[in-house]
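# Sequence and predicted structure below; questions after.
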Amino acid sequence: MANELILQWSKLIPLTSNEIEALPLNGVEGVFRVSRKEQDGKFYVVFVGSSLNLGQEFSTLILQKDTNFLKQGGEFSFRYAPLKGDESRKAIEKQMYKQYAPVFNSREPQSTLNVKANLN
């Protein structure tokens, strides 16, 4: 039986420099997912991750937009949930990967921890 975690997810936030700079995320550990708006007007998860520093992670995504999946173009947004503990973050990242099958993750995250969390 898996341990259950209740995560406090943020609202869907536009993935822009202004939004990233306005958030107090430097030094915040957590998990996140990036979604792209498709032609039907809905957002679909295209990338999942975890980080020791969400502020730095999102800044890196924005700064390197010419060399990563953001170069595909379109409207991107993200949600995040603070979560301490490397093993827990990796376990939730793996759960998100399995649920959303994000097209821009190059491989399945590795974790032996059996944890389940609310993903909404």
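Happy to help now that I have it.
# separation between Glu87 and Glu75?
Note on Glu87: its distance to Glu75, by Cβ to Cβ, to the nearest Å, is 34 Å. Using the backbone N, CA and C atoms, a C-beta is placed for each residue, glycine as well.
# Equivalent analysis for Leu119, please.
According to Cβ to Cβ, Leu119 stands 21 Å off from Glu75.
# Counting neighbours, go ahead and name the busier of those two.
Neighbours were counted for Leu119 and for Glu75 using other Cβ atoms under 10 Å; Leu119 has more, 17 against 12.
# tell me which element Lys116 falls in.
Assigned by DSSP states H and E, Lys116 falls within strand 115-117.
# So what touches that strand?
2-7, 81, 88, 91-92, 95 (Cβ atoms under 8 Å, 6 or more residues apart in numbering).
# Produce a ChimeraX select command limited to the buried residues of these.
Under the burial definition 16 or more other Cβ atoms under 10 Å, those of these that qualify are selected in ChimeraX by:
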select :5,7,81,88,91,92,95
